[in-house]
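Novice: after the sequence you'll find the predicted model.
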Amino acid sequence: MSDPFSTLGLPASFDLRPDEIDRAYRDLQKVLHPDRFAGRSPQERRLGFGRAVEVNQAYRIVRNELARAEALLTLRGHAVSPDRKALPALLMEMMERREALSEARAAGDLETVRAVAEEVRSERAAACTQLSELFALEPEAGSSSVADAVIRLRYLERFLDELEAIEEDAASVP
């Protein structure tokens, strides 16, 4: 996919509101609904289906802040390599958090797990705010500070996924 923003008819910006993204998606889905292609040729149906798939992929990218930030950097020619190393301080922070989380899980201390989850959610929100500011400062370029912020958000998202799985497991236990 080349440009998920143009696919949805949206500006290539980190600062898109969820309702704005949802509205653009719904409008395109109405136009690309399979019923609109029912009486058309097989080629037109295939093209319509292909366009609908492209719109769905673009929506998934633009709706998620991490994927949106990565797409913006890619559009600017500064894709964040999956091999790019995180800053040592971030790695140390995440290792310490994982250790604390492991201890809390082992002790059955769900309150600590929830507190860590809330703290990480707050940091995730702060990371998104930081990315918004960095993209506003450098609207056409990518920089190591933007890439580092994207990597931080990536780590926070992964950690949140783990925390949410722990919370779901705890909620399913009577």
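Specialist: Sure, I can see it.
Novice: can you tell me the SS state at the residue of the chain most remote from its centre?
Specialist: For the chain, the largest distance from the centre (CA atoms, centre = their mean) belongs to G39, which lies 37.5 Å off. Following DSSP: H, G, I helix; E, B strand; the rest coil, G39 is assigned to coil.
Novice: can you mark which positions in the one helix or strand E168 maps to are buried?
Specialist: Assigned by DSSP states H and E, E168 belongs to helix 144-172. The neighbour-count check on helix 144-172 (16 or more other CB atoms under 10 Å) flags 146-157, 159-160, 163, 166 as buried. C-beta here means a position set from N, CA and C on the backbone, and glycine is covered the same way.
Novice: and that helix, how far out from the chain's middle?
Specialist: Distance, stretch centre to chain centre, for helix 144-172: 10 Å (CA atoms, centre = their mean, to the nearest Å).
Novice: that helix packs against which elements?
Specialist: helix 65-75, helix 88-107, helix 110-137 (3 or more CB pairs under 8 Å, 6 or more residues apart in numbering; DSSP states H and E).
Novice: pick the most buried one from the ones you listed.
Specialist: A comparison of those by mean neighbour count, using mean count of other CB atoms under 10 Å, puts helix 65-75 on top with a mean of 19.
Novice: return the distance of that one from the chain's centre.
Specialist: The answer for helix 65-75 is 8 Å, by CA atoms, centre = their mean.
Novice: over to stretch 60-68?
Specialist: The answer for stretch 60-68 is 4 Å, by CA atoms, centre = their mean.
Novice: contacts made by it with the rest, please.
Specialist: Here stretch 60-68 makes contact (CB atoms under 8 Å, 6 or more residues apart in numbering) with 1, 4-5, 8, 10, 14, 16, 18, 21-22, 25, 71, 128, 131, 150, 153-154, 157.
Novice: over to stretch 113-126?
Specialist: 97, 100-101, 104-105, 153, 156-157, 159-160, 163-164, 166-167, 170.
Novice: quick one, domains of this structure?
Specialist: With automatic domain parsing as the criterion, the domains of the chain are listed as 4-63, 88-172.
Novice: looking at those domains, which is closest to L75?
Specialist: Nearest to L75, of all those, is domain 4-63, at 5.7 Å by CB to CB.
Novice: and the closest one, how far out from the chain middle?
Specialist: 18 Å.
Novice: endpoint to endpoint, that domain covers what distance?
Specialist: Domain 4-63 has an end-to-end distance of 10 Å (CA to CA, to the nearest Å).
Novice: ok, the buried residues of helix 144-172 vs M92, which is closest?
Specialist: Y155 (11.6 Å).
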